[in-house]
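Enquirer: Next input, structure requested:
(2 chains)
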Amino acid sequence: GQNIDQPTEMTATEGAIVQINCTYQTSGFNGLFWYQQHAGEAPTFLSYNVLDGLEEKGRFSSFLSRSKGYSYLLLKELQMKDSASYLCALGGATNKLIFGTGTLLAVQP
Amino acid sequence: SAVISQKPSRDICQRGTSLTIQCQVDSQVTMMFWYRQQPGQSLTLIATANQGSEATYESGFVIDKFPISRPNLTFSTLTVSNMSPEDSSIYLCSVEDLIDSMEQFFGPGTRLTVL
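Expert: Sure, this is the predicted structure:
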């Protein structure tokens, strides 16, 4: 089985940096994915990591350490529109995704 | 990325009835998946829709309850059978990206309420 854990809620200030952690226990996976989901909308793809290290995409970066069973999503220069749920997911051999519990981020002025 | 549409976008159904949800993609894709998102929860994979063969179901989901069709590479249906209020969820299909198959994109979802 797979256990994927994230903090339930986080609060951050506009313009700041926030790090959303994801820890997992699994026998194996192809990649670790991050999705953003605004209330009432479908998830949108943000980033994925196959190898250990940091992947940067504009204001968003994702980090993976397979040996530590740990990933994080880093959001810089926070904007009000970044208020959303952030989901980490493990991708298997057939590309199916197993999602974590999700983190609800509230960005305050 | 592929453009994905789902029908219906939402529905309110009576207990004991069935609803078929359609997922249409504007290009041919190999992998299509069906997910469920219960209120306030994260996404749970129901099954992989395989073209030309039976769907592959995840633990806790069975074909009798969630029959799936995949007649071609651009279309799939998910039926929620003999519905109960516990089936009230958002149902989403997803497909792999055409260029980078590691990426998946989701349809807009179908919001189902069972009374």
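
Enquirer: Checking the residue most central in space within chain B next. Helix, strand or coil?
Expert: Geometric centre of chain B, nearest residue: B:W34, 3.4 Å, by CA atoms, centre = their mean. Classification of B:W34 using DSSP: H, G, I helix; E, B strand; the rest coil returns strand.

Enquirer: for it, what are its contacts?
Expert: Residues near B:W34 by CB atoms under 8 Å, 6 or more residues apart in numbering or on different chains: B:23, B:45-47, B:49, B:66, B:68, B:76, B:78, B:91-94. Backbone N, C-alpha and C define where each C-beta goes, glycine included.

Enquirer: Mind checking which of those are buried?
Expert: In these, burial by neighbour count holds for B:23, B:45-47, B:49, B:66, B:68, B:76, B:78, B:91-94, counting by 16 or more other CB atoms under 10 Å in any protein chain shown.

Enquirer: was I right about B:T20 contacting B:S76?
Expert: No: contact criterion CB atoms under 8 Å: B:T20 and B:S76 do not qualify, at 10.7 Å.

Enquirer: so what pLDDT did the residue nearest to the centre of chain B get?
Expert: Per-residue confidence (pLDDT) for B:W34: 97.

Enquirer: so how far is A:V18 from it?
Expert: Going from B:W34 to A:V18 by CB to CB, to the nearest Å gives 32 Å.

Enquirer: A:V50 too?
Expert: Taken as CB to CB, the spacing of A:V50 relative to A:V18 amounts to 24 Å.

Enquirer: repeat for B:S88
Expert: The gap separating B:S88 from A:V18 is 32 Å, by CB to CB.

Enquirer: before we move on, what about B:N50?
Expert: B:N50 sits 39 Å away from A:V18, going by CB to CB.

Enquirer: Ok, B:I63 next?
Expert: Distance from B:I63 to A:V18, by CB to CB: 42 Å.

Enquirer: out of those two, which sits in the busier spot?
Expert: A:V18 (19 against 13; other CB atoms under 10 Å in any protein chain shown).
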